[in-house]
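A.B. asks: I would like to see how this sequence folds:
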Amino acid sequence: MIVEESLPPSAMAHPRDHRVTGLRSVEDTEIGQLLSNLVETSRDGDDYNFEEADGELPGGVSSSGGSNGSSVETAAGRTDRVHKRSLSNLEIQPINDDTNYTVYHVGVLMASHLDSPFDLERCGPAIDLALELVNQSLMKMHNVRLSKVQRSYATCSGSKSPGLAADMHFKHSVIAFIGPACAFALEPVAQLADYWNTPIITGMGDQGMFKDKSRYQTLTRMSYCQCRLKLVFSSIFRQFGWRHIALIIDRSDLFSLTVGKNLEYGLKDEELLKFVRELDGNDEEDIDAYLKDASMYARVIILSVRGSLVRKFMLSALALGMTRGEFTFLDVEIFQSSYWGDHYWELGDEDDFKARKSYEALLRVSLLQPTSPTYQYFAEKVRYLAKRDYNYTFVEDEEVNFFIGAFFDGVYLLGMALNDTLNEGGDIHDGTAITRKMWGRDFEGITGHVRIDDNGDRDADYSILDLDPITGRFEVVAHYYGSTRLYSPVKGKKIHWPGGREGPPPDVPKCGFLGTSPACQGNGDMIILYGLVGFGIISTFAAAVTYILCKQMKLNSELNNMSWRVRPDEVLLEVGKMFGSKMGLQKLNYENFSLQQFGLNSGRVSIASGNSQLPAQLFTTIGIYKGERVAIKKVAKKKVYITSTLLWEIKQARDVSHENTVRFVGACIDLPRPTILILTEYCPKGSLKDVLENEAIQLDWNFRMSLIHDVVKGMAYLHNSDVGVHGKLRSCNCLIDGRFVLKISDFGLRTLTTPSEYVRDQNYYNKLLWVAPELLPATVIPGTPATQKGDVYSFAIILEEIVVRGGPYETARQFLDPQAIVERVALHESPPFRPFVGQRDCPPDLLDLMEKCWSDSPDDRPTFSGIRSSVRLIMKGFCENLMDDLLRRMEQYANNLESLVEEKTEQLSMEKRRTEELLYQVLPRPVAQQLLAGEMVQPEQFECVTIYFSDIVGFTALCAQSRPMEVVDFLNDLYSTFDRIIGFYDVYKVETIGDAYMVVSGLPERNGHDHAREIGLMALAILDAVKSFTIKHKPEYQLKIRIGIHSGPVCAGVVGQKMPHYCLFGDTVNTASRMESTGHPLKIHVSEAAKQILDKFGTFRTELRGDVELKGKGIVTTYWLLECSEPDPRPPTPMRNYNDNEVPFPILFPAIGK
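C.D. replies: The predicted model follows:
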């Protein structure tokens, strides 16, 4: 029979306090005996009776539990055997005696056959044991039993679990959920449980997102949270005084990625993390490079990578000499299981010995695995039940892991909360109240001391393990207890620091991470001292040796000077426009190294034009480094090694200092590969290519010759410097600074600027247009190889661009693509294939110089020293100082700008007035003024307003007899008449929908009781106008409308942001509409409320209509409004001539009526 879910009187009146504080109140032997009894009785079929979820229990008692989820179960007719059915859809009905129990269902939802540490086959037996323990020790005294409703799913996803949870909720009215464990299934079920106000307990759910209990208000987590691993590592770092930490993350492994990201965000907040790098564990990455980069920032390295990668990293560390005690490595292995990857050093290959040696420098963080005798006994029972009831056999050496015990403790915690609720006479279906009884609670569970914080998460305990060099096994050397959040060494155990050290490595090495500490820089003085001693012995020879050594030392010092190396956090990226807006600054860190990905690849620069148009806008990456604005170039580079060749190239680039060369600032090679950044002097006017393509810039010959002269001076300097050759001279590499001085860029640094990969696309062949013909066959990437004569050829192509004001081979590209042009140039045709430049395009001397520079034979081309002399002769007669000419032009621009600004300001003011007037016609003026002021229009309650509704009688039939355009013209004429009429009254037109017309008075500005008077007068005026209204296409047709009026309270506000609408809400609107729909043609139907207000004025004559039934109101008394003795405020309405062009809104459209 079905009973209510109330407590039995005996339970409510029990004199004892049945609150159980935890398993600590039961002796270990009693717990073991209890678990043993549970299994022994089930062996004979007397403990669990398996039935399908919606079947009949023995004795004819239904297992559905009725609508309220409770039922009475008896032992009568129970079977002595265990019914073996599918475990994915079973209920476990514990039956022990003939007592009538109130049964509540608990839903168990787990993944099955996933071979995960927390699937149903492993955790199910623990849940069964815990349910029966709760029934015997906590629920029995209340005559209550908990019955399991079990469902399972095959994949860890959110596709099946929500439906299964809904099935258990609606069919079985479960009072709590146990599981799921995996995050993808847990998230939707936890949200549904929150909505259903049902407790949900999981033994997993370690992802940080479940910490937000505003989304999962009934979720309790019995395991650990990845978000608190940072506390474990912080305690280790505090113990050993480490404050410089490096972190390497495997983004291809979900567990490693989420753990790594939690550590990254947590340790950065404590300013411990100095280096972060991500890698793809599926690719063949250069592990040595990651370790070398990390060694420049820290001596403590966290490896958040899959188990197989830990071994590779440690072997690489051994090869690099990083396992001798100067470095410490840490990794995370929740517990030893193939599910987390094989973190062990032994693989049975030739590297086992090396791996074992390297792992001596590794500390491991794992969950504290229970080892008490009670837990071992519990583990034996779980193994037995798993094989018997779930057809699963634990493999040899497979532990009954922490998560299995966590599910057991979770069920027991639920039982304690239910016991408290029943003792207090509370509602067992109040999931929020039951959840709060589980939170903020301590008890001794099967996994040890369990503390659930006030956020419903367990403060888990962890172990720190170290490799014993003798046994080759990891042993626990310390613990981290969640209750104290402190590092606690294990007595009698100590860490075996590698290299024979007695203690941990220092946080910062004696000579610094780069070996540049002043304490270690004394060798130079010793060398000089030895040189002086040698000078005293062999004076002449010693003097020569001293000179050579000093010069070499200076050179080495310059090469080893790492001030060019820029750390990512030293660069601020500029974000925003330079014109009229503030520039935003954002740090260039490890997260936003991909400039394009984060939208930070552009800052605004401009070049003033010669007319009144807007300035042309160009894009480049701009940053702030040490207070100086710099240009940032991004280069795709897989590997960058600091070699002597690279250091020499950087020294050459740093030594370049000339008015017409761009200054090298530094390079950032510490970003995740394949990306490096090169910082140079910032030139705000763009490149020569940009200037030539900008038609708004007037290029006279003064300007052109000045640019040519700057190119020659810059290249002459480069050819005489240590750089020696450019190799990539193009118009896009000729930049123009703020003083319109042209500067050569992108020279030298071949190791850094040569990309690792290239694609032979259109852009590739475009770059080859500047390459000399003798270099084309050997050119793979533009710039390699390079010669000084090749630079002269490139200069000739730039001359052609300046002369014709176009791209390279401007004429030829009209009928040939770049690849075809390059192929013809490489053929050395006779005469050579070159750009076409007419004799009238430039001075003859300049044309002659151009042809010499692109001569087919390199020996026939002049040097830049000779070119400079020729250009000086050509420039006679031209203004050499470009700034004087520009200042004269800027004065002319300023004169034109003032009149232009005044004209545009007046136009803007006119458009603003038009916009405001249009808004005033769409929305009430007070509401529109609030919107224009940028204020939020708050909804407002009006105590009493009067609403007018009208519609056209027979509108559907009229539309059927008319063409669409005739209907539109008819409605426009009619509502234009209405609009003219309402303009004389204190009313607001709300909307027109088809043939319906709605007007209100009394809002948004209140007018006392005048709202009824204004609507009444307006309705009489509209009715009078309708009687004399003529339809153009049906002049004989008598137009008829119904009018309804009602007064009452409403709420009004603006709805929407796009096309905002001022809307009214409330029962008054519905009543007014029904007054109109129940009215008669050519009559004004007035409600009792509106009539009472009209009677206060004494000028309105009404007539009783009688009782009318209104939908939702029942029978009401209504009236007809007949007339008003007040004078009509409207002037006589002139007859409209349909042939004229009437302008309805001349303010908004002044040109229409002219």
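A.B. asks: Show me the helices in the stretch 901-1050 of the chain, by range?
C.D. replies: 925-932, 955-960, 964-982, 1010-1027 (DSSP state H, counting those that start in this stretch).
A.B. asks: Deepest in the core, which of those is it.
C.D. replies: Mean neighbour count, computed with mean count of other Cβ atoms under 10 Å, is highest for helix 1010-1027 among the helices of the stretch 901-1050 of the chain, reaching a mean of 22. C-beta here means a position set from N, CA and C on the backbone, and glycine is covered the same way.
A.B. asks: quick one on the thing from earlier: can I get the helices of the stretch 901-1050 of the chain in TSV including mean pLDDT and distance to Gln839?
C.D. replies: Shown next, in TSV, are these (pLDDT from 0 to 100; distance: least, Cβ to Cβ, whole Å):
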stretch	mean pLDDT	distance to Gln839
helix 925-932	70	64
helix 955-960	87	78
helix 964-982	89	68
helix 1010-1027	91	83
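A.B. asks: With respect to Phe1065, which of those lies nearest?
C.D. replies: Nearest to Phe1065 among the helices of the stretch 901-1050 of the chain is helix 925-932 (15.1 Å), distances taken as Cβ to Cβ.
A.B. asks: With distance to Trp439 added, can I get the helices of the stretch 901-1050 of the chain in CSV?
C.D. replies: What follows is the helices of the stretch 901-1050 of the chain, written out as CSV (distance: least, Cβ to Cβ, whole Å):
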stretch, distance to Trp439
helix 925-932, 45
helix 955-960, 63
helix 964-982, 62
helix 1010-1027, 55
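A.B. asks: Between the ones you listed, which one is closest to Leu146.
C.D. replies: Of all the helices of the stretch 901-1050 of the chain, helix 925-932 sits nearest to Leu146, with 58.5 Å by Cβ to Cβ.
A.B. asks: returning to what we had before: so which of the helices of the stretch 901-1050 of the chain comes closest to Cys944?
C.D. replies: helix 1010-1027 (7.3 Å).
A.B. asks: what's the angle from that closest one to helix 964-982?
C.D. replies: 140 degrees (axes from the mean of the first three to the mean of the last three Cα atoms, to 10 degrees).
A.B. asks: And helix 1010-1027, what does it pack against?
C.D. replies: Applying 3 or more Cβ pairs under 8 Å, 6 or more residues apart in numbering; DSSP states H and E, one finds that helix 1010-1027 contacts strand 940-952, helix 964-982, strand 996-1001, strand 1041-1055, strand 1083-1087, helix 1088-1095, strand 1114-1124.
A.B. asks: Tyr809 should be in a strand, yeah?
C.D. replies: No: counting by DSSP: H, G, I helix; E, B strand; the rest coil, Tyr809 is not found in a strand; it is coil.
A.B. asks: give me the number of residues near the closest residue in space to it that isn't next to it in sequence?
C.D. replies: Excluding its sequence neighbours, the residue lying closest to Tyr809 (Cβ to Cβ, 6 or more residues apart in numbering) is Pro835, at 4.8 Å. Residues within reach of Pro835, counting by other Cβ atoms under 10 Å, total 23.
A.B. asks: ok now do Pro835, which residues does it touch?
C.D. replies: 797, 800, 804, 808-812 (Cβ atoms under 8 Å, 6 or more residues apart in numbering).
A.B. asks: before we move on, what about Leu114?
C.D. replies: The contact partners of Leu114, by Cβ under 8 Å, 6+ apart, come to 154-156.
A.B. asks: repeat that for 10 Å
C.D. replies: Contact analysis of Leu114 by Cβ atoms under 10 Å, 6 or more residues apart in numbering lists 120-122, 152-156, 181-182, 339.
A.B. asks: Which members of those are classed as buried?
C.D. replies: In those, burial by neighbour count holds for 120-122, 152-153, 156, 181-182, counting by 16 or more other Cβ atoms under 10 Å.
A.B. asks: Just put these in CSV and tack on secondary structure, distance to Glu902 and pLDDT.
C.D. replies: Putting the buried ones among the contacts of Leu114 into CSV (DSSP: H, G, I helix; E, B strand; the rest coil; distance: Cβ to Cβ, whole Å; pLDDT from 0 to 100) gives the following:
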residue, secondary structure, distance to Glu902, pLDDT
Leu120, helix, 80, 89
Glu121, helix, 83, 89
Arg122, helix, 82, 89
Ser152, strand, 78, 90
Tyr153, strand, 73, 89
Cys156, coil, 69, 81
Ala181, coil, 72, 86
Cys182, coil, 69, 86
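A.B. asks: Next one: Val365 from Lys230, what distance?
C.D. replies: Separation of Val365 from Lys230 (Cβ to Cβ, to the nearest Å): 11 Å.
A.B. asks: Which single one of the buried ones among the contacts of Leu114 is nearest to Leu1121?
C.D. replies: Nearest to Leu1121 among the buried ones among the contacts of Leu114 is Tyr153, at 68.1 Å by Cβ to Cβ.
A.B. asks: now that closest one, nearest residue through space, not along the chain?
C.D. replies: Once flanking residues are discounted, Tyr153 sits nearest to Lys160: 4.0 Å by Cβ to Cβ, 6+ apart.
A.B. asks: Would you check that that neighbour makes contact with Cys182?
C.D. replies: No: taking contacts as Cβ atoms under 10 Å, Lys160 lies outside contact range of Cys182: 11.7 Å.
A.B. asks: which residues do these two both contact?
C.D. replies: Joint contacts of Lys160 and Cys182 (Cβ under 10 Å, 6+ apart) are 111, 153.
A.B. asks: Tell me how many other residues crowd His658.
C.D. replies: His658 has 16 neighbours, counted by other Cβ under 10 Å.
A.B. asks: Now do Leu971 against Lys312, distance only.
C.D. replies: 79 Å.
A.B. asks: quick one on the thing from earlier: could I have the buried ones of the contacts of Pro835 as ChimeraX selection syntax?
C.D. replies: Selecting the buried subset of the contacts of Pro835 in ChimeraX, with 16+ other Cβ under 10 Å as the burial test, is done by:
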select :797,800,804,808,809,810,812
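A.B. asks: Asn1007: which of the contacts of Pro835 is nearest?
C.D. replies: Using Cβ to Cβ, Glu810 comes nearest to Asn1007 of the contacts of Pro835, at 74.8 Å.
A.B. asks: Quick check: pLDDT value at the closest residue in space to the closest one that isn't next to it in sequence.
C.D. replies: Nearest non-adjacent residue to Glu810, counting by Cβ to Cβ, 6+ apart: Val804, 5.0 Å away. Here the pLDDT value assigned to Val804 is 92.
A.B. asks: Check the gap between Val804 and Asn694 for me.
C.D. replies: For Val804, the distance to Asn694 equals 15 Å [Cβ to Cβ].
A.B. asks: Show me what the helix or strand hosting Ile201 is packed up against.
C.D. replies: Assigned by DSSP states H and E, Ile201 belongs to strand 200-202. Judged by 3 or more Cβ pairs under 10 Å, 6 or more residues apart in numbering; DSSP states H and E, strand 200-202 is in contact with strand 101-111, strand 176-178, helix 183-196, strand 219-221, helix 402-423, helix 431-438.
A.B. asks: who are the neighbours in contact with Ser745?
C.D. replies: By Cβ under 10 Å, 6+ apart, Ser745 lies in contact with 631, 633, 661-664, 680-681, 683, 687, 714, 726, 728-729, 732-735.
A.B. asks: Do you have the strands of the stretch 601-750 of the chain handy? List them.
C.D. replies: With DSSP state E, counting those that start in this stretch, the ranges of strands along the stretch 601-750 of the chain come out as 603-607, 616-620, 622-625, 628-636, 664-668, 675-681, 734-736, 742-744.
A.B. asks: So for Asp995, which of those strands sits nearest?
C.D. replies: With Cβ to Cβ as the criterion, Asp995 lies closest to strand 616-620 of the strands of the stretch 601-750 of the chain, at 53.0 Å.
A.B. asks: tell me the mean pLDDT for the closest one?
C.D. replies: 50.
A.B. asks: start at 894 instead
C.D. replies: I'll keep to 894 as the first residue from here, and by that count the last item is strand 1509-1513.
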